[in-house]
Each structure stands twice: as structure tokens, then as C-alpha cells.
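# my questions are about this predicted structure, shown below with the sequence.
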Amino acid sequence: MPPEKTSVTGLQLATKSHSEGIQESEKLAPLQENTQSQAARSFNASAINSIPPEPHQEPSTVSPNLTDLPQPKGQKRTHVSEDGCSVGHLDKRLREGSQSVSESSWPLTEANLEEHNRLTGSGASDATYRNVETLGSGRRKRPRQASTNQETASMPTQTSSHTAAHYRFFILQKARISIQRESLPEEIRSRVNAIIQHDISEERKRELSRIAENLCNAFIDIFEGQHREDDCVEPIYHALSSMDGGKNFIFVMKAGIVFPSWTSARIVRYAQCCLDWNPSLKPRTRQNGWNPNFMHETIDEAGDTSQPAMLPPTLPLPEQNFSLVKTPRPDITVGLRHSNMVGALELRGLSKVKASDFLEDQVLYPNPVPGGPSIRFPPIVVEGKSYGTGKPVFEAQNQASVSGSCMTELQHELADLTKGASSGSYHGKATLAFSICTEGPYMELWVHYTTSPEGVRMYHMNILKICHASLPEGVTEFLTAVDGVMDWASVEFMNDVADQLVLVEGAVRRRHTG
């Protein structure tokens, strides 16, 4: 009975090969399937001994495990020993169907695969072998596989309509707000240079150097930890308040309100909304200036009613005060102190009571935060982002562009009232405002101004100075420029505002008494 003897011998050999294959598979477990497929295609095809093919099956799109290949029904499970070319067997089964492998001049061992990868430059990436743990028995745990979802990997990045770039280049542009789109006009440049390059005494230089050193030291801890946005803005708040030796300004911090732990989220949101600036100061988003209904009116006037026009229904025109621009809520608002403004009006002939009442008149809106602290005509704001855990300075610039536009708009409204009170004889200076944008220790100084080409108001924002808190000399120079802005705001800007307020107050009083 030779056939039966051959069958028994084959079974024994298969059993032995199976046990040896299991041991070998445990050694090869961390290897990636794509590495095995690459190695398979490099083996000598002459080492593969063909046997009659099994019933045809559709090749799988996923490479099966070398130690656990699917077996066709009706046949005993066989396993290829380490003497056989298991990888070549896998590759042939994927192409032609299931076949057996008996021997190979290239045994499938880890050393042979490493040598193959060295010669061909192929193999699994380093990420494949990350987090490989050694077990107590000496075996290695299969590493965590990296994601190989082709659909996810090849998916292009989708640009959201809510990104900062979309907001700047679409929403703000529609509102005619531009950030560093053009150079400063000569008139604005000369005024700005006179402001930030002002002369200061040696004593003031030493004081600013000390404030800059304290600011740099305050950022040391921020370099080493994951701090919040408010933690990064607070050192700038202390620096600005230290520079205000004459107590000319009020500094309002967005994070100044501290809520108990039991405060509901609804109350917190409401209180934060109360810090929003007056929405009427925001530039309006540009809308289409024509009414699409004229198309229907033109056809009706033609009198041709035999064939009704197939035009799509038109949408109602948006409201005139509609704006997609976000309402400002700066991290720090620097405004003129109410008592100083009252004193400036007293010097111009108004009584203290009348001056105070006039500044609180809601017609003027000298305070952009309704119901907030008593700040008047803010000339400076600070918009900051945290360091390492927050959003980039790009978003801080977006926020500051709107705040700066609102500050210049507030000055334009006062100028319009002044022109009306003086019968058009008043011609004031160009509006100016400033902002500081930060991303942790990185700081920028910007100027805001407006132009009116063809009678259309455009809002501009241009950078003036930059610095980093790790460089004390640069911080001192930066604070010197900011000191010039604060000096300008407390003297020239406040006097110009006071002159206009006196003209407006006189016109209002004459109208009421007349």
C-alpha cells in the first residue's frame, strides 16, 4: 500500500513543519505584512515547486498572515516549514491560486528578511517598530500598527469656512478691513514716526529698561509650561500699567471677572457678552448694491405676457446693518480715564457736572463697552494668544483689526458731530489707533487708520514694531515705542477729543435753549 505510507509520512512532516512554523512565526510577529510582500517578490521563482492547482478562488486584496493562510475546503491544513519559501508561496497564491511550497534556497528567517531589506532599500518604517514591548518569556509583543486607511490618508485637507484665513480674506475684506495690504501713506507715516520715535529722558529710559526686564522675567515660566491665554496677557497688562505713571488711562482686562466655581455656564456667558463692544461701531459687511427684482420689473414693463418669464425667485435684500464681522472683545482695552477727560473739559469752560453728564450721554458712545467701566475713547487695545497651547498670532491680528476699526470709527463719529456743530468748518487730523498683538512672548505693535478713496471708507492695519521676550534689548525698544503711543494718547489725542467735545456740547446746548 505505497500510497497510504506516503500519506502518513506527509502528515508527519506537515505536523513537524507546522510546529516549527509556529515557533518561527512568533519570532516574525512584529514584521509588517507589506515588508513580507516586498520580500516575497524578490525570492527566486525556481525555488517554488508547483503542484496541481486547487479550486480557483478570487485573490484577496488583503495579504493573509504567513502563519495562517486560508486553506481550501476538502484538504488537510498544511503549514510551510522554515525550509520552504513561505513568502513566495504567499505571492503565488495571490496571483495564481493556492499552491504548496516544499523547499527554497532562501529560508524565511528574520535574518534573511533583514538582509533583503538592506539590499533592496525596502522594509517597514521606523514607526512600525515603535512601542515594542518585551514579554517575560522572551517573545516580543506585536507593535501597534500605524493607520493605513488609504481613504483617510489620501483625503485632501478641506478648508473650513470658519477658519481664520477665510475670516480675514473674505469676511474682513467684505467689510473693507485690510491687514498689511499696502504701505503707510506719507501723511500717516510721518505722524506715526513722530509718535513712536519721541524723545525721552535718561531717567525714563532706565525706568523702561527695568519694566522690560520684569516683563522678560515674567515670561520665563511661560516658556516652560502650558499656560492659558490669560496667563500670557497678564504680564503685558502689568507692564502697561507700570508705564502709566501719570494715571492717565483705565485698563480693562477681559479676564478681570472672576466667577465662583458654582456659577452656571449660562451666567458666565452672559457676563462675558456684557464685555462686548458696541456692535454699531463695527464696519458693515459689503452687500450687493443692486436689486435683482429689477429683472422682473423690466419684463413686466415690456408688456409681453404671452409667455411668462422663467426667472428664479429672488431673495429679500439683507438689512442695512447686517455684518458678519465679529463683535470685538479685546483682552485689554486701554481707554482715557473719565476724570482726566472731565478735567480737560473744565479747562475749556464746562462745569464739572455738565462735563461729566455730557460724557455719559448715550448719543456720543464715548465708552465702547455699554455698561462697562468708565473708559473714554480708547486709543489702544491688546489682543493675545497663549504660548504653545493656543492659537497663532494670526487670529490675534484678525481680532485687533476689528477693534482698531471700531476705535477709528468712534473717532469718525465724533468728527462728524463736530463738523455738524461747526457748520462744516472743522477739519481735524486723520484718525489713528494702535494695538498690540501677542502670541506668548512674541509681541507686535500695529497702527490703525482709514482712507476714503472715491468717498468709500477703508480700514487699514500696518505693523510698526516686533519683539520677543527672550531678547531684553528688543523688548526695551518695543516698550519705548509703546511709551510714545501712550504719551501721544494722554496729551495730543485727549486734547483733540476735548476740543471736539466742547464744540458739540455748545451746539447741543444752543439747540435746547433756542
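Yep, that arrived.
# please count neighbours and contacts with C-alpha atoms only from this point.
Fine.
# return the helix or strand where residue 501 lies as PDB; C-alpha atoms alone will do.
Secondary structure assignment for residue 501, by DSSP states H and E: helix 494-513. This file holds the C-alpha atoms of helix 494-513, laid out as PDB (Å, rounded to 0.1, in the frame of the first residue of the first chain):
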ATOM      1  CA  MET A 494      -7.000 113.700  24.600                       C
ATOM      2  CA  ASN A 495      -6.800 117.400  23.800                       C
ATOM      3  CA  ASP A 496      -8.100 116.900  20.300                       C
ATOM      4  CA  VAL A 497     -11.000 114.900  21.600                       C
ATOM      5  CA  ALA A 498     -11.700 117.600  24.300                       C
ATOM      6  CA  ASP A 499     -11.700 120.400  21.700                       C
ATOM      7  CA  GLN A 500     -14.300 118.500  19.600                       C
ATOM      8  CA  LEU A 501     -16.500 117.700  22.600                       C
ATOM      9  CA  VAL A 502     -16.700 121.300  23.600                       C
ATOM     10  CA  LEU A 503     -17.900 122.300  20.100                       C
ATOM     11  CA  VAL A 504     -20.500 119.500  20.100                       C
ATOM     12  CA  GLU A 505     -21.700 120.400  23.700                       C
ATOM     13  CA  GLY A 506     -22.100 124.000  22.700                       C
ATOM     14  CA  ALA A 507     -24.200 123.100  19.700                       C
ATOM     15  CA  VAL A 508     -26.400 120.800  21.700                       C
ATOM     16  CA  ARG A 509     -26.900 123.400  24.500                       C
ATOM     17  CA  ARG A 510     -27.800 126.100  21.900                       C
ATOM     18  CA  ARG A 511     -30.300 123.800  20.300                       C
ATOM     19  CA  HIS A 512     -32.000 123.000  23.600                       C
ATOM     20  CA  THR A 513     -32.100 126.700  24.800                       C
END
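# which other helices and strands does that helix contact?
Contacts defined by 3 or more C-alpha pairs under 8 Å, 6 or more residues apart in numbering; DSSP states H and E place helix 494-513 against helix 338-346, helix 393-421.
# so which of these is the most packed in?
Comparing the helices and strands packed on helix 494-513 by mean neighbour count (mean count of other C-alpha atoms under 10 Å), helix 393-421 comes out on top with a mean of 22.
# any chance of the helices and strands packed on helix 494-513 in a markdown table, with mean pLDDT and distance to residue 459 too?
Shown next, in a markdown table, are these (pLDDT from 0 to 100; distance: least, C-alpha to C-alpha, whole Å):
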| stretch | mean pLDDT | distance to residue 459 |
| --- | --- | --- |
| helix 338-346 | 95 | 27 |
| helix 393-421 | 95 | 6 |
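# among the ones you listed, which is nearest residue 384?
In terms of C-alpha to C-alpha, the element of the helices and strands packed on helix 494-513 nearest to residue 384 is helix 393-421, at 5.8 Å.
# list the helices and strands the closest one packs on?
If you count contacts as 3+ C-alpha pairs under 8 Å, 6+ apart, helix 393-421 packs onto helix 164-166, strand 177-179, strand 375-385, strand 433-439, strand 442-451, strand 458-468, helix 494-513.
# neighbouring strands - and their directions - for the fourth one?
Sheet pairing for strand 433-439, assigned by DSSP bridges, gives strand 375-385 (parallel), strand 442-451 (antiparallel).
# one more: the second one?
The strands beside strand 177-179 in its sheet (DSSP bridges) come out as strand 458-468 (parallel).
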